[in-house]
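**Q** give me a 3D structure for the following:
(chains A and B)
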Amino acid sequence: MRRVAVVGAGMTKFIHRALETPKELSWLAAKAALDSAEMKLDQVDCVVEGTAPDAFDGVHMNGEYLSDGCGAWKKPYLRCYVGGGTGVYALAQGWFHIASGLFDTALVVCEEKMSTCLPHPQAAFLTIFDNITEQPLKPNLLWIFALEMNRYMSVHGYSVEDIAKVSVKNKRNALGHPSAQLGAELTVKDVLASEIMAWPVHRLMVSPTSDGAAAVLLASEEVAKRVTNKPVWVQGVGWCLDSAYWTNRDLYYPDYVEKAAWMAYRMAGIREPRKEINLAEPYDPFAYKELHHLEGLQLAPKGQAPRLLADGVFDRDGDLPTCPSGGLLGVGNPIAAAGMMKLCELFWQLRGEAGPRQVPGRPRRGVAQAWGDLMQVGTVVVMGVN
Amino acid sequence: MKTPKNVETHVWRGGIPLESRYTAGLGGQIFFQALKERGELVGTRCAACKQVYVPARAFCERCFAELTEEVKVSPEGTLVSFTFSAYDRDANRLAEPVALALVKLDGATTTMLHRLLRVTSPEQVRIGARVKVVLKPKAKRTGSILDIEGFQLA
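**A** Just a heads-up that it's a prediction; the model follows:
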């Protein structure tokens, strides 16, 4: 397989309610990614697009609707969709196109406009549950996250305070992000004082609903070396799906993230992730998820992530900065675009272009991860400077 | 598993209870404001690609350029195709067929879909015919594509 590099990245602001249509948001992000590489649309060989449920943008076959905004006019085009895992998985899809030798450049665009969906995008999730055994109970996502968070806390003996520190860190990190929706300087006390939405989940532990888009431009080695002197290489991709019966998994640990991570790490030649990875963008739609995912990513021993967080290991100037972007909790969560935002962040961090968010020490390798479907898909991408 | 015989299939009804709030967007704002307030049909031009998009769009799908040049196009144009539909979308037969048209307005490079008014059978219509836009009176316009009643033969 051929080597694949990221040569450009761009994103819109993530906001609560955008004037722009979904395809206009896609265009803004895609054009920003092209502009950052000083490349034109006619240099793009193929386009990959990612969005989560059609219900958010309110257009069935949303991939087709978004295609012109993604730059796919008269080009090979593919939409991919694995729920919340889409944003990171979309890059793997773009990688196939180039690694296989079929194409030399691929524009990968992820978009979500959740404000379209009334009365609340939450309602779009009702019908992801089993229509025989679960839908009659009218479950919502907060329930299942609360059940998972409670399981994680009780198995390892952690308190809500231990988890709340993730919100404090990520919302603070987001203060340095020009696209961020919810950057804030908060204390653990503030987080615990926020409304309990479904015990033990408090409002400030939940990412917002958002509108936005993010994109990267991928290139083959030959093109990458011609268009930039700072290519960021896709070193590994991995993904894995666990049982569709979410109630049958022990929710305290994400096996599917571990399997996806090892797939990507093997491809990247990583044997000791904790020593060989300099920064991470784990998926953090809820505060506990960052810790849960860091364990799945093998970046903290099982049950130890809250302890490392308390020790400052995951701070921007810590030993292993996590969510230096501000994450979904701080930057926002337009589902597929949020995962892509994490890949943009790795690109900027690894090129030393992250401005006030830059982690010190010239990071050489980072990992981004997203998660979704019915709490069972893990998608992982490892990127590095060589 | 064996398929049970002579057993009533157990079914229940459900739905996806959603509504959507769509924005006209950067391009749509231009078109619908002009339609509502001035009764005009406004597009945007991409000089490089020689395109005039009606309704107005924010960007050119061919080259990705931001489109800032607004163009007022003619309310008259040419019939590109038409049909008479006998059914509604729930598969009910209509009392009277509804006529629909694709029209390229003079000055536009794109084609619009709308109703074709005041015709009752295909014999009355010919592809290539000249047509013109029929608008609702200003007081009834809301900034919707339905501010246009349809096209009629010129």
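**Q** what is the neighbour count of the closest residue to B:E19 other than its chain neighbours?
**A** Spatial nearest neighbour of B:E19, excluding adjacent residues (C-beta to C-beta, 6 or more residues apart in numbering or on different chains): A:L118 at 4.3 Å. Using the backbone N, CA and C atoms, a C-beta is placed for each residue, glycine as well. Around A:L118 there are 13 other residues, counting by other C-beta atoms under 10 Å in any protein chain shown.
**Q** likewise for A:W262?
**A** Neighbours of A:W262 (other C-beta under 10 Å): 18.
**Q** surely it is in contact with A:G238?
**A** Yes - the criterion here is C-beta atoms under 8 Å, and A:W262 meets it with A:G238 at 7.0 Å.
**Q** what is the neighbour count of A:W233?
**A** By the measure other C-beta under 10 Å, the count of residues near A:W233 is 19.
**Q** confirm that it sits in a strand.
**A** Yes - assessed by DSSP: H, G, I helix; E, B strand; the rest coil, A:W233 belongs to a strand.
**Q** let me see the contact set for it.
**A** Residues in contact with A:W233, defined by C-beta atoms under 8 Å, 6 or more residues apart in numbering or on different chains, are A:R3, A:V4, A:A5, A:V6, A:M383, A:G384, A:V385, A:N386.
**Q** just those residues: which are in strands?
**A** A:V4, A:A5, A:V6, A:M383, A:G384 (DSSP state E).
**Q** beta-bridge partners for the fourth one, please?
**A** In this entry, A:M383 is beta-bridged to A:V234, A:G366, by DSSP bridges.
**Q** what pLDDT does the model give it?
**A** For A:M383, the pLDDT comes out at 98.
**Q** my guess is it contacts A:V6, does it?
**A** Yes - A:M383 is within contact range of A:V6, at 6.6 Å (criterion: C-beta under 8 Å).
**Q** look at these two and report which has more neighbours.
**A** Using other C-beta under 10 Å as the criterion, A:M383 and A:V6 rank with A:V6 on top: 29 against 25.
**Q** need the helix or strand of the chain with the lowest average pLDDT.
**A** Since no chain was named, I'll use chain A. Least confident element among the helices and strands of chain A, by mean pLDDT, DSSP states H and E: helix A:122-126 (a mean of 85).
**Q** can you look at chain B instead?
**A** strand B:19-20 (a mean of 92).
**Q** that one: partners in the sheet, and parallel or antiparallel?
**A** strand A:117-118 (antiparallel).
**Q** residues in contact with the partner strand?
**A** A:A55, A:F56, A:G58, A:A123, A:A124, B:L18, B:E19, B:S20, B:R21.
**Q** and the third one, how far from B:S20?
**A** With the distance defined as C-beta to C-beta, to the nearest Å, A:G58 ends up 3 Å from B:S20.
**Q** now stretch A:93-104: buried residues?
**A** A:Q93, A:G94, A:W95, A:F96, A:H97, A:I98, A:A99, A:F103, A:D104 (16 or more other C-beta atoms under 10 Å in any protein chain shown).
**Q** ok, and what's touching that stretch?
**A** Identification of contacts with stretch A:93-104 by C-beta under 8 Å, 6+ apart yields A:1-4, A:45-46, A:48, A:50, A:76, A:78, A:80, A:105-108, A:216, A:218-220, A:222-223, A:234, A:237.
**Q** equivalent analysis for stretch B:109-121, please.
**A** By C-beta under 8 Å, 6+ apart, stretch B:109-121 touches B:43, B:50-55, B:79-80, B:82, B:84, B:96-105, B:125, B:131, B:134, B:145, B:148-153.
**Q** right, is stretch B:60-68 up against chain A?
**A** Yes - for stretch B:60-68, a contact with chain A is found by C-beta under 8 Å from any C-beta of the partner chain, at B:E61, B:R62, B:C63, B:F64, B:E66.
**Q** quick check: residues of chain B near chain A?
**A** Within chain B, the residues that sit near chain A (C-beta under 8 Å from any C-beta) are B:14, B:16-29, B:58-59, B:61-64, B:66.
**Q** switch the cut-off to 7 Å
**A** Taking C-beta under 7 Å from any C-beta of the partner chain as the contact definition, chain B meets chain A at B:14, B:16-23, B:25-26, B:28, B:58-59, B:61-64.
**Q** which residues of chain A lie near chain B?
**A** Residues of chain A found near chain B (C-beta under 7 Å from any C-beta) are A:19-21, A:24, A:27, A:31, A:34, A:41, A:55, A:58, A:68, A:71, A:73, A:115-118, A:123-124, A:127, A:131, A:135.
**Q** lovely, talk soon.
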